[in-house]
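Novice: no sequence on this one, just coordinates:
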Ligand code: A2P
């Protein structure tokens, strides 16, 4: 450890953890692997969820992609057909929701979490239906799926996972990588402490709620904090955004973060990145903020006035903070 890494001090020189080595681009988008869909089921908590989110499993065991994905990576899909200009549909990336060992224990079956994109047309009555998300959500067991990848090497677990404790923030389908990471960590880093804050509009829209609840009941080192924004929680605390948990659950989250072991990962809606950096700046003791954020002194006093544009410029997450927003 360098002197710059001593507790809560300057973080510019802090290289952050080494990340695990990953495989990349084994199957390119022009020569995708052909997997077979083996499962496609709803994965929201309630039957009357406002959004339609599906857990889709694909068998890639007979392809070069077998055993090649880790949580935090994604795969690419070109939906069949052409867009309104006659060109092939654009490549869309979907996060792996599986642990490293896949759904089958040997990396042969991978999963992803897909929300149907449905909106009203901007120009008038009628529906705009997202092409690739609805194509995936309509696939049936036995259907073929062409996929490329793996993609991504920055939003993955550290190379020595047991040297860290983790606070994960997810909104919506941003939960996908954390399903895999939590399953990996509970196996390979049983001493590490993990807190997962999952955000959804309503309780019915929480994703993977049952498995996450069960895991938290089974593993004392895993805290699951389901968080809803549009109604009160079961314990009657008001609805809130995931980053508000930094304040309401300061006892758990603050304790994990005020430590040399702490890492923050956030995945989900564009905008939550700003909320997370503001939450960290507001709730962590000053001597620990620098561990996670490098803040231009000129803007340090006006956390409430920060904008998304300032994130990565005047307010730079250090290499202990991993942000993936879309
Ligand atoms: P809301 O929509 O009530 O404003 P989903 O992807 O299923 O819609 O869920 C996303 C969740 O993230 C919702 O609870 C949504 O709240 C919430 N959300 C929206 N904007 C932000 C933001 N800037 N930071 C954190 N959470 C957000």
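Specialist: Right, received. Where do you want to start? Computed from a prediction, not measured in an experiment: that's the story for all the values here.
Novice: Stretch 107-126 near the ligand at all?
Specialist: No - legend: contact between stretch 107-126 and the ligand by C-beta under 6 Å from any ligand atom is lacking; minimum distance shown is 6.6 Å. No exception for glycine: its C-beta is placed from N, CA and C like everyone else's.
Novice: May I see the buried residues of that stretch?
Specialist: With burial defined by 16 or more other C-beta atoms under 10 Å, the residues of stretch 107-126 counted as buried are 107, 108, 109, 110, 111, 112, 113, 114, 115.
Novice: do the same with stretch 293-311
Specialist: Within stretch 293-311, the residues that qualify as buried are 293, 294, 295, 299, 306, 310, 311, counting by 16+ other C-beta under 10 Å.
Novice: who in the stretch 101-250 of the chain is up against the ligand?
Specialist: Near the ligand, when you scan the stretch 101-250 of the chain using C-beta under 6 Å from any ligand atom, you find 171, 172, 199, 200, 201, 205, 229, 230, 241, 242, 243.
Novice: farthest-separated two in those residues?
Specialist: For those, with distances taken as C-beta to C-beta, the pair at the greatest spread is 205 and 243 (18.0 Å).
Novice: Contact partners for the residue nearest to residue 131 when sequence neighbours are not counted?
Specialist: The spatial neighbour of residue 131 that comes closest, neighbours along the chain excluded (C-beta to C-beta, 6 or more residues apart in numbering), is residue 79 at 4.9 Å. Contact analysis of residue 79 by C-beta atoms under 8 Å, 6 or more residues apart in numbering lists 89, 92, 131, 132, 135, 136.
Novice: Now which of those would you call buried?
Specialist: Those of the contacts of residue 79 that meet the buried threshold are 92, 131, 132, 135, 136, by 16+ other C-beta under 10 Å.
Novice: Quick one: neighbours of the residue in the chain that the ligand sits nearest to, just the number.
Specialist: The nearest approach of the chain to the ligand comes at residue 172, 2.3 Å away (C-beta to the nearest ligand atom). The burial count assigned to residue 172 is 22, neighbours taken as other C-beta atoms under 10 Å.
Novice: what does the model give the residue nearest to residue 175 when sequence neighbours are not counted for pLDDT?
Specialist: Nearest non-adjacent residue to residue 175, counting by C-beta to C-beta, 6+ apart: residue 207, 4.8 Å away. Confidence at residue 207, expressed as pLDDT, is 98.
Novice: got it, and residue 12?
Specialist: With respect to pLDDT, residue 12 scores 53.
Novice: what about the lengthiest strand in the chain, average pLDDT?
Specialist: For the chain, the strand reaching the highest residue count under DSSP state E is reported as strand 33-42. Confidence for strand 33-42, expressed as mean pLDDT, is 98.
Novice: Double-check residue 21 against residue 159; I have them as touching.
Specialist: Yes - counting by C-beta atoms under 8 Å, residue 21 sits close enough to residue 159 to count as a contact (7.4 Å).
Novice: and for these two, which residues touch both?
Specialist: Residues within reach of residue 21 and of residue 159 at once, by C-beta under 8 Å, 6+ apart: there are none.
Novice: which residues touch residue 324?
Specialist: Applying C-beta under 8 Å, 6+ apart, the residues contacting residue 324 are 72, 155, 174, 177, 265, 266, 267, 268.
Novice: Number of residues surrounding the residue lying closest to residue 280 once chain neighbours are set aside?
Specialist: The spatial neighbour of residue 280 that comes closest, neighbours along the chain excluded (C-beta to C-beta, 6+ apart), is residue 292 at 5.1 Å. When counting by other C-beta under 10 Å, one arrives at 26 neighbours for residue 292.
Novice: Provide the secondary structure category for residue 246.
Specialist: When states are read from DSSP: H, G, I helix; E, B strand; the rest coil, the local structure at residue 246 comes out as helix.
Novice: Run a quick neighbour tally on it.
Specialist: When neighbours are defined as other C-beta under 10 Å, residue 246 has 24 of them.
Novice: Just the element for residue 225, please.
Specialist: Here residue 225 is covered by strand 222-228, with elements defined by DSSP states H and E.
Novice: Direction included, what does that strand pair up with?
Specialist: strand 194-200 (parallel) (DSSP bridges).
Novice: so of the buried residues of stretch 107-126, which ones are in strands?
Specialist: Those of the buried residues of stretch 107-126 mapping onto strands are 109, 110, 111, 112, 113, 114, 115, per DSSP E.
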